[in-house]
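Colleague: Provided below for reference: sequence and predicted model.
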Amino acid sequence: MKEKLKEMKERIMPGGKTMILAYDQGFEHGPRDFLEHPEGGKFEYILDIAKKGSFTGLVLHAGLAEKYASEIADSGIPLILKLNGKSELYTEEDPFSPQLYSVEEAITLGAVAVGYTVYSGSKYEDEMHREFSKIVREAHSKGIMAIGWMYPRGKAIFDRKSASKTLKMALDEQEQTNQAIDETPSIVAYGARIGLELGADMVKVKYTGSPDSFRWVVQSAYPTKVVMSGGTMTKTDEKFLSRVKDVLAAGAAGIAVGRNIWQRQDPLSISKKLHQLIYGY
Ligand code: FBP
């Protein structure tokens, strides 16, 4: 299985670099993400961007993966099946995103990797850590990759009174940079490290604001590969491209982004620029 896993990694990360198109937001955020640019709500449009933009992976939940199984297979783009999910209608301070599909089902749908969101810091973290570690073991035993969306979140992360040592560090960072707590280097690096400890092949994390701070995140997860998640669409292509430059300079393997691609008027133009930054052509 080690050989198969190596092969899957090379498909998603040719030459150690990766450019993944994330399309699980319809579940996580709902159709509001498609309001300004309605084509983004149609899977045919997304698959076309993935193909023409030379993306090396496409993240989906099982519904679309099943309905478009033959189109995805024909495209040759590696499928990353997201195994858990929750809607934003659920507004509890401590998030929980339960596993909905199995590794076996992902393989049947043609996935070369599985993804799972871990909200460390939530009062339900034990359950998510347990589910993800089981997924990692099963994925590896079957020769496919496991990717962790490492997003520390929950009431404890914002509770100054009972602040952990890490949160105190994060609060100091916040004072200097005005960043959201869950985007401070201390919190993001901790999330990335948990991904490594749980066995992830790759972790997807928030941008921390600078190459130096992101370098700490990359070092914390090493040898697990780190990719930056996109966040809300930036006003200009240049602003987003400069973040990507920062994380690549910090040693990230690449990106796994959605809205900054398919919410843009010209998704192929930014995709080409990203490809140039990540692969050099
Ligand atoms: P974006 O690039 O659009 O931010 O997508 C990255 C992602 O991790 C998605 O895979 C996921 O659906 C979403 O962000 C979760 O967003 P949030 O941070 O709002 O929970």
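Modeller: Ah, there it is.
Colleague: Tell me, how many residues neighbour the residue nearest to A249 when sequence neighbours are not counted?
Modeller: Excluding its sequence neighbours, the residue lying closest to A249 (Cβ to Cβ, 6 or more residues apart in numbering) is P211, at 4.6 Å. In short, each C-beta sits where N, CA and C put it, glycine included. By the measure other Cβ atoms under 10 Å, the count of residues near P211 is 17.
Colleague: D246 versus P211, what's the distance?
Modeller: Computed as Cβ to Cβ, to the nearest Å, the P211 to D246 distance reads 4 Å.
Colleague: Quick one: end-to-end distance for stretch 140-151.
Modeller: End-to-end distance of stretch 140-151 (Cα to Cα, to the nearest Å): 22 Å.
Colleague: buried set for it?
Modeller: H140, G143, I144, M145, A146, I147, G148, W149, M150, Y151 (16 or more other Cβ atoms under 10 Å).
Colleague: Could you do stretch 188-202 as well?
Modeller: Buried residues in stretch 188-202, counting neighbours by 16+ other Cβ under 10 Å, are found at 188-196, 198-202.
Colleague: before we move on, back to that, the buried residues of stretch 140-151: which two are farthest apart?
Modeller: Greatest spatial distance in these: G143 and Y151, 26.8 Å, computed using Cβ to Cβ.
Colleague: Pull the contacting residues for T234.
Modeller: F240, R243, N260 (Cβ atoms under 8 Å, 6 or more residues apart in numbering).
Colleague: tell me which of those is nearest to E173?
Modeller: Closest approach to E173 among these (Cβ to Cβ): R243, at 17.5 Å.
Colleague: So what's the residue count around the closest one?
Modeller: 22.
Colleague: ok, now which ones touch the closest residue to the ligand within the chain?
Modeller: At 2.6 Å from the ligand, G230 is the closest residue in the chain, using Cβ to the nearest ligand atom. Residues counted as contacts of G230 (Cβ under 8 Å, 6+ apart) are A22, F240, I255, A256, V257, G258, R259, N260, I261.
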